[in-house]
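**Student:** mind folding the following:
(chains A, B, C and D)
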Number of protein chains: 2
Amino acid sequence: MDGAELDAFAALLRKLNRVCALSEADEATIRGLPWSIESKVARSILIREGEHAALCSVLLDGYVAKGKTALNGSRQIVSFHMPGDLLDIEHVFFRPSDHNLHTVTNVVVARVAREDLRSVTLSRPGLAEAFWCSSLLDAAIYRQWLLNVARRNAKSRVAHMLCEFTVRASMAGLGSPAAFEFPMTQVEIAHATGLTPVHLNRIIGDLAEQGLIVRRKGRLSIGDWIAIQRTAGFKPAYLETNARVLLV
Amino acid sequence: MDGAELDAFAALLRKLNRVCALSEADEATIRGLPWSIESKVARSILIREGEHAALCSVLLDGYVAKGKTALNGSRQIVSFHMPGDLLDIEHVFFRPSDHNLHTVTNVVVARVAREDLRSVTLSRPGLAEAFWCSSLLDAAIYRQWLLNVARRNAKSRVAHMLCEFTVRASMAGLGSPAAFEFPMTQVEIAHATGLTPVHLNRIIGDLAEQGLIVRRKGRLSIGDWIAIQRTAGFKPAYLETNARVLLV
DNA sequence: CGAATGGTTGATCAGAGTCAAAATTTGTGG
DNA sequence: CCACAAATTTTGACTCTGATCAACCATTCG
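**Tutor:** Numbers count the residues shown, from 1 in each chain, chains lettered A, B, ... in the order given. Just a heads-up that it's a prediction; the model follows:
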């Protein structure tokens, strides 16, 4: 990860610039943030629910899932994250984490102290705005997932999750729908869609049979990008796909 | 609403101060924002999905629900709002609304132009921080709802929603658990919990039979505050009940 | 090569949805 | 204040999606 060390925050800047253009000075401030790089193997824990966090993480490489656990023990993934995402920016304000973070693949994160992020935020309004804007986009995604889990049947629910992941991945520069391979296991997709792994497996089977997705050695990819969006009822507007709002 | 006209933003200031203490100057800036008061009767629309919004709303009195519609027509309420809440602050950045807002009761809102909110935000870092922090709290609630809808059974799901509403209402100064009456219809509770109205009605019956809630002429209230939290598996930490973070 | 993890299949079951109708409550106008 | 209409709540009968339980296969990786 020498490249990352040279310009650790390139992906973050790319993401922030997409929603909310930054000034040169703002970019320089981000680049100047004190960070430390951490690598984690797949399926390891970054933060546990209830843990007090003094650091926030920026995802540089790999995929991460954010989850919550109910008192009865069942687990739900509430979001997936890709390079450039701020994983737990709420720790700038809130101490004990309301969620856990686990790595889906091998991962590289940059850790930044909450105080550093906060002071940067207070001194540079443009950065405060960009962080805020990015948090609002996260919230829009949560709303969509809520609709997804609450009101779509298993098949379109899974299709919708795959569509969203695909669009976000391609916005993050990770590949086009046709080429892209999903990094998560079926168990993780089940946890993210509110289904059981067994039922999810059957749904995956259906989707593959219709040619909407393709299974190759346990890896999933999109088979028919138009058709899967149709069965998902997927409209990407909520992702602010053509954002860079407020260029005013 | 003459009281409101005199100090329209008292509830908003109360809420922002709870999570993130404001300076005198910040408070004064908020009070100085140009606003216009609007009253709406119960069950009317404030904003429709897809609509371009030039104004943001602060809820001064009454209750509002935020909803989304799937392409198949089914509707989901993704959050409830109470006095002091910023109803659609995302319109500072994003144009077409990804959700609709409808009034649950008669309602008074203050409308503020997005440009005014934005410029206030750029000139006063303390306010940017407070708005951002409040958005992060909203996101924590979305995560909890996601867990709720995806992983709890109907009974504890409904109980959880009622617990959260109760705590938020009491934080907003609207009454204690014992005294508080829920303002929404069963159909609305069903829409918020991802259930059908028919099934919800049966769950309400169960909860009432166990004495957890009380039905009086179609109005619901809490019957046993300890017991309902237990069946909900409700832990209010995610609401930052004792917030006012970062007093540093 | 063998253990572990992840994926697949089958049989059965239950929680919540659907459809349909009746009973209550609420709101409105006379 | 009453009567009627509209909205909301309640009940019953039946169905179906997705959960559960229990094996068994396939890959990957040490």
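
**Student:** got a list of what the nearest residue to residue A:189 once chain neighbours are set aside touches?
**Tutor:** Excluding its sequence neighbours, the residue lying closest to residue A:189 (CB to CB, 6 or more residues apart in numbering or on different chains) is residue A:200, at 5.8 Å. C-beta here means a position set from N, CA and C on the backbone, and glycine is covered the same way. For residue A:200, the contact set (CB atoms under 8 Å, 6 or more residues apart in numbering or on different chains) comprises A:154, A:158, A:186, A:189-190, A:193.

**Student:** which helix or strand contains residue A:200?
**Tutor:** If you go by DSSP states H and E, residue A:200 is part of helix A:197-209.

**Student:** return the set of buried residues in that helix.
**Tutor:** A:200, A:203-204, A:207 (16 or more other CB atoms under 10 Å in any protein chain shown).

**Student:** which residues in chain A form helices?
**Tutor:** A:2-6, A:10-19, A:24-31, A:114-123, A:125-151, A:154-171, A:186-193, A:197-209, A:225-232 (DSSP state H).

**Student:** TSV for those, including distance to residue B:14?
**Tutor:** Converted to TSV, the helices of chain A look like this (distance: least, CB to CB, whole Å):
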stretch	distance to residue B:14
helix A:2-6	44
helix A:10-19	30
helix A:24-31	32
helix A:114-123	23
helix A:125-151	21
helix A:154-171	36
helix A:186-193	36
helix A:197-209	45
helix A:225-232	41
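
**Student:** if we can go back for a sec, what average pLDDT does the helix holding residue A:200 get?
**Tutor:** Regarding helix A:197-209, the rounded mean pLDDT is 97.

**Student:** near DNA strand C, anything from that helix?
**Tutor:** Yes - using CB under 7 Å from any atom of the strand, helix A:197-209 comes into contact with DNA strand C via A:197-198, A:201-202, A:204-205.

**Student:** what residue lies at the spatial centre of chain A?
**Tutor:** residue A:81 (2.0 Å; CA atoms, centre = their mean).

**Student:** can you list the weak-confidence ranges in chain A?
**Tutor:** For chain A, the stretches with pLDDT under 70 are A:1-6, A:243-248.

**Student:** which bits of it sit near DNA strand C?
**Tutor:** A:43, A:185-187, A:197-198, A:201-202, A:204-205, A:215, A:218.

**Student:** near DNA strand D too, which of those residues?
**Tutor:** A:198, A:218.

**Student:** now residue A:161: closest residue in space that isn't a chain neighbour?
**Tutor:** Leaving aside its chain neighbours, residue A:161 sits nearest to residue A:193 (5.5 Å; criterion: CB to CB, 6+ apart).

**Student:** scratch that, residue A:139
**Tutor:** residue B:139 (4.6 Å).

**Student:** report the contact partners of the one you found.
**Tutor:** A:90, A:135, A:138-139, A:142 are the contacts of residue B:139 under CB under 8 Å, 6+ apart.

**Student:** looking at those, which is nearest residue A:105?
**Tutor:** residue A:138 (20.5 Å; CB to CB).

**Student:** so who does the closest one touch?
**Tutor:** Contacts of residue A:138 by CB under 8 Å, 6+ apart are A:79, B:139.

**Student:** do you know how far it is from residue A:90?
**Tutor:** 10 Å (CB to CB, to the nearest Å).

**Student:** residue A:156 too?
**Tutor:** 30 Å.

**Student:** counting neighbours, go ahead and name the busier of these two.
**Tutor:** residue A:90 (27 against 22; other CB atoms under 10 Å in any protein chain shown).

**Student:** the more buried one contacts residue B:132, correct?
**Tutor:** No - applying CB atoms under 8 Å as the test, residue A:90 and residue B:132 come out as separate, 9.8 Å apart.

**Student:** domain boundaries for chain A, per the record?
**Tutor:** With domains defined by automatic domain parsing, chain A comprises A:2-133, A:152-239.

**Student:** between the ones you listed, which one is closest to residue B:177.
**Tutor:** Among the domains of chain A, domain A:2-133 sits nearest to residue B:177 (CB to CB), with 19.7 Å.

**Student:** so, in contact with chain B or not, that closest one?
**Tutor:** Yes - if you take CB under 8 Å from any CB of the partner chain as the test, domain A:2-133 does meet chain B, through A:19-20, A:66, A:68, A:70-72, A:74-76, A:78-79, A:89-90, A:92-96, A:98-99, A:118, A:121-123, A:125-126, A:128-129, A:131-133.
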